[in-house]
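> Below is the structure, and that's it, no one-letter string:
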């Protein structure tokens, strides 16, 4: 296997495992991450440090890729950040940041490198189980960004269907990565700084901690990505380790969901 694959977020929890697996299976990888150095050194890895939400940095990386390569087998978009904020009390700047990183970074990279794709190429976008459901309270910024990813991927898939390029989304549940530490830190900051929601947030903290303990090995996602790359006709969506509790709550009418969140999270 010598196909060229673009992998964003290659130093993250899922990204690092995916990068390692791709290299083990003889893929050539262009790894992109915000970190200064790659988590792995390998002869088949070309690494670019880049904040994909930064237009200047992203444009430079794209120009270098176009200069050195004329064909890409797959673009795997794993780069992303997590935030927990109140839609009322959170800052517009943070909302702009998470949408820029989680959505626009993906959107622009796919768009700018699209001329290097060909019939049989694949685009894999990391969505979230959150995108499937009615949003949970205080997960608003993250939910909004992932719903954008989800809808964008569906639209892109239907356009690319005419030209033989496969577009796949992964709706993943919680994985045991550094994002869990970030989630706890974000939550503690949210409780400390809220004016309106200290009581429900304190209650929800215990529930969230319990749910996060059910997290899964990120290698599950990495193995799935390798499977998608090798399948001629992969599914349009893969749902991995999604939460039973979220699925149950979202099986109810939204008005009932509102009542459940209000009565349980006091």
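On my side now, so go ahead. The structure presented is a predicted model; accordingly, all values stated were derived computationally and were not measured. Numbers count the residues shown, from 1 in each chain.
> hey, let's count contacts and neighbours off CA atoms from now on
Will do.
> What segments of this protein are helices?
13-24, 55-68, 92-99, 105-113, 140-160, 178-193, 198-212, 219-230, 244-249, 254-264 (DSSP state H).
> Minimum distance to residue 237: which of these has it?
helix 140-160 (9.4 Å; CA to CA).
> which helices and strands sit right next to that closest one?
For helix 140-160, the packing partners by 3 or more CA pairs under 8 Å, 6 or more residues apart in numbering; DSSP states H and E come out as helix 92-99, strand 122-126, strand 166-172.
> Mind doing that once more with 10 Å?
Applying 3 or more CA pairs under 10 Å, 6 or more residues apart in numbering; DSSP states H and E, one finds that helix 140-160 makes contact with helix 92-99, helix 105-113, strand 122-126, strand 166-172, strand 237-240.
> Show me how far the last one is from its chain's centre.
So the one you mean is strand 237-240. Strand 237-240 sits 13 Å away from the centroid of its parent chain (CA atoms, centre = their mean, to the nearest Å).
> What of the first one?
If you compare the mean C-alpha spot of helix 92-99 with that of the full chain, they lie 16 Å apart, counting by CA atoms, centre = their mean.
> can you tell me which residues contact residue 42?
The neighbours of residue 42, taking CA atoms under 10 Å, 6 or more residues apart in numbering as the test, are 20, 23, 28-29.
> May I see the helices of the chain organised as JSON lines, with distance to residue 236, mean neighbour count and mean pLDDT added?
Shown next, in JSON lines, are the helices of the chain (distance: least, CA to CA, whole Å; neighbours: other CA atoms under 10 Å; pLDDT from 0 to 100):
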{"stretch": "helix 13-24", "distance to residue 236": "20", "mean neighbour count": "20", "mean pLDDT": "97"}
{"stretch": "helix 55-68", "distance to residue 236": "26", "mean neighbour count": "14", "mean pLDDT": "96"}
{"stretch": "helix 92-99", "distance to residue 236": "23", "mean neighbour count": "15", "mean pLDDT": "95"}
{"stretch": "helix 105-113", "distance to residue 236": "17", "mean neighbour count": "18", "mean pLDDT": "97"}
{"stretch": "helix 140-160", "distance to residue 236": "8", "mean neighbour count": "19", "mean pLDDT": "97"}
{"stretch": "helix 178-193", "distance to residue 236": "26", "mean neighbour count": "15", "mean pLDDT": "80"}
{"stretch": "helix 198-212", "distance to residue 236": "27", "mean neighbour count": "15", "mean pLDDT": "77"}
{"stretch": "helix 219-230", "distance to residue 236": "10", "mean neighbour count": "17", "mean pLDDT": "97"}
{"stretch": "helix 244-249", "distance to residue 236": "20", "mean neighbour count": "12", "mean pLDDT": "89"}
{"stretch": "helix 254-264", "distance to residue 236": "27", "mean neighbour count": "12", "mean pLDDT": "89"}
